[in-house]
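**Q** from the sequence below, what's the structure:
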Amino acid sequence: MSKDFSILTTEAIALLKELIAVPSFSKEEDQTAGILCLFFAKKGIPHFRIANNVYASNRHFDEKKPTILLNSHHDTVRPNKGYTLDPFNPVEKDGKLYGLGSNDAGGALVALIATFLFYYEEKDLLYNIVFAASAEEEISGKNGIELLLQHISFNPPGRTWAVAIVGEPTKMQMAVAEKGLLVLDCMANGRAGHAAREEGDNAIYKAIKDIEWFNSFRFPKVSDLLGPVKMSVTVINTENKAHNVVPSQCNFVVDIRVNELYTFEELLAIVKSNTYVDVQPRSLRMRSSSIPLDHPVVKAGLELGRTYYGSPTTSDKALMPFLSLKIGPGDSARSHTADEYIFTDEIREGIELYVGLLGKMV
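**A** Numbers count the residues shown, from 1 in each chain. As a prediction, the model looks like this:
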């Protein structure tokens, strides 16, 4: 296998420019999915599309072998009002490639595609390699990686997923753990009455007691990687429109960032045993995750001089029912910012490091 990455890097940057030039907001990734399909078709690589997700397998795929998943997403958020450049015009200047989605997560996406191409023709690999470009990651949508994993052609019975490498901007450091997201809808019930008289049972006052508990309670298990569980009350309202009616109901929303030491079920049990409001989780999908530090892919990263950390942000790895490592070129601090960019050298270095990671395993 050639160690000259110049051709792969040039192709990756050209592909990223094509992707930037086409809007691909979450649930609107049809055109970028088409670009990815055309890219693989021109390479003569069999590929498949499920909704707006695109995937391909290495040429000498052997179902008897465990499989490594290379995954990143091709959807973007909408550009914010602070842009001074055209978000859909891929401008390369001073070593930077500007454009919406260039950093999150276009750089990781095309670097993983280049890595897939690097190993595509290789025989006698210890693992299969599957590349998947997923949709709807930015909104944790159900028609992204979750849909792929439910599809029998992508995930047939008996397939063993050894590990996933999830491409996100991490400065090519290893996010070995990731906080989960649990959103609670809470309802305090009282009794309506006229505010001028001693009537009713004010639901707001009932809600306040539990809101104070959410504000002050500290979960005892603190993660070395992800820190404490963090709870924030972010929305509150009543059904009232009139100032002179004691409200019979008050609802509020709690945003909870969960470390890897608690399951959602454990956390919900603690919340419900300490509060009086009705508590309903919106979803139990976006769970916290971690990968052991002695896993071969983590050890490979350490040998390549990478460090590890716990990530406060969620990604598609939260929806994977197997071990995964989040790592990729770019900087999370640039994600969703005006005039988003990635250094072209970061893409080249990303390809080299991804190839090195797999090389120590396959």
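
**Q** does F252 count as helix, strand or coil?
**A** Recorded secondary structure, F252: strand (DSSP: H, G, I helix; E, B strand; the rest coil).

**Q** and for V183?
**A** Applying three-state DSSP: V183 is strand.

**Q** who's in contact with it?
**A** V253, V254, D255, I256, P281, R282, S283 (C-beta atoms under 8 Å, 6 or more residues apart in numbering). Every residue, glycine included, has its C-beta placed from N, CA and C.

**Q** what about L302, neighbour count?
**A** By other C-beta atoms under 10 Å, the residues close to L302 number 14.

**Q** no, scratch that, I was asking about K230
**A** Residues lying near K230 (other C-beta under 10 Å) number 15.

**Q** ok, the one 4 residues further on next?
**A** Residues lying near T234 (other C-beta under 10 Å) number 10.

**Q** so it touches V253, yeah?
**A** Yes - when contacts are counted by C-beta atoms under 8 Å, T234 is listed as touching V253 (5.3 Å).

**Q** residue ranges with poor pLDDT in the stretch 101-250 of the chain?
**A** Scanning the stretch 101-250 of the chain for pLDDT under 70 picks out no residues.

**Q** can I get the contacts of V183 in CSV with pLDDT and neighbour count?
**A** Formatted as CSV, the contacts of V183 follow (pLDDT from 0 to 100; neighbours: other C-beta atoms under 10 Å):
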residue, pLDDT, neighbour count
V253, 97, 15
V254, 97, 22
D255, 95, 15
I256, 96, 22
P281, 97, 17
R282, 92, 12
S283, 86, 12
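
**Q** let me see the contact set for the spatially closest residue to N89 that is not a sequence neighbour.
**A** Counting by C-beta to C-beta, 6 or more residues apart in numbering, N89 lies nearest to G99, which is 6.7 Å off, once chain neighbours are set aside. Taking C-beta under 8 Å, 6+ apart as the contact definition, G99 lies against K17, I20, A21, L85, P87, F88, N89, P90, V91, G106, E340, Y341.

**Q** hmm, try it at 7 Å
**A** I20, P87, F88, N89, P90, V91, E340 (C-beta atoms under 7 Å, 6 or more residues apart in numbering).

**Q** wait, what's in contact with the last one?
**A** Applying C-beta under 7 Å, 6+ apart, we find E340 in contact with Y98, G99, L100, S102, N103, R334.

**Q** any figure for the gap between it and P90?
**A** Separation of E340 from P90 (C-beta to C-beta, to the nearest Å): 11 Å.

**Q** tell me the helices and strands packed up against the helix or strand where I236 lies.
**A** Taking DSSP states H and E as the criterion, I236 maps to strand 230-238. In terms of contacts (3 or more C-beta pairs under 7 Å, 6 or more residues apart in numbering; DSSP states H and E), strand 230-238 is packed against helix 203-216, strand 249-258.

**Q** JSON lines please, covering those and showing distance to N80.
**A** Output for those, formatted as JSON lines (distance: least, C-beta to C-beta, whole Å):
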{"stretch": "helix 203-216", "distance to N80": "30"}
{"stretch": "strand 249-258", "distance to N80": "21"}
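
**Q** and the ones you listed, which is most packed in?
**A** strand 249-258 (a mean of 20; mean count of other C-beta atoms under 10 Å).

**Q** now list whatever residues contact both of E340 and P90.
**A** Common neighbours of E340 and P90 (C-beta under 7 Å, 6+ apart) are Y98, G99.

**Q** quick one on the thing from earlier: just how off-centre is the helix or strand just after the strand holding I236 within its chain?
**A** Counting by DSSP H and E, the next helix or strand C-terminal to strand 230-238 is strand 245-246. Distance of strand 245-246 from the chain centroid (C-alpha atoms, centre = their mean, to the nearest Å) equals 43 Å.

**Q** before we move on, which element is the residue sitting furthest away from the middle of the chain in?
**A** Most distant residue from the mean C-alpha position of the chain: R197, 52.0 Å away (C-alpha atoms, centre = their mean). R197 is part of no helix or strand when elements are defined by DSSP H and E.

**Q** any idea how far N244 is from it?
**A** R197 is 10 Å from N244, by C-beta to C-beta.

**Q** what does P312 give?
**A** On the measure of C-beta to C-beta, P312 and N244 end up 44 Å apart.

**Q** looking at those two, which is more packed in?
**A** Using other C-beta under 10 Å as the criterion, P312 and N244 rank with P312 on top: 15 against 8.

**Q** what's the closest non-adjacent residue to the more buried one?
**A** That would be K179: by C-beta to C-beta, 6+ apart, it lies 5.4 Å from P312.

**Q** isn't the one you found right up against Y262?
**A** No - using C-beta atoms under 7 Å, K179 is not in contact with Y262; the gap is 10.6 Å.

**Q** show me which of those two is the more surrounded one.
**A** Legend: neighbour count by other C-beta under 10 Å for K179 and Y262, higher for K179 (26 against 21).

**Q** what sits against the more buried one?
**A** When contacts are counted by C-beta under 7 Å, 6+ apart, K179 touches L226, R257, V258, N259, S288, S311, P312, T314.

**Q** wait, which of those residues is closest to I145?
**A** T314 (12.2 Å; C-beta to C-beta).

**Q** isn't that closest one up against L181?
**A** Yes - using C-beta under 7 Å, T314 makes contact with L181 at a distance of 5.3 Å.

**Q** find residues that contact each of the two.
**A** Common neighbours of T314 and L181 (C-beta under 7 Å, 6+ apart) are M286.
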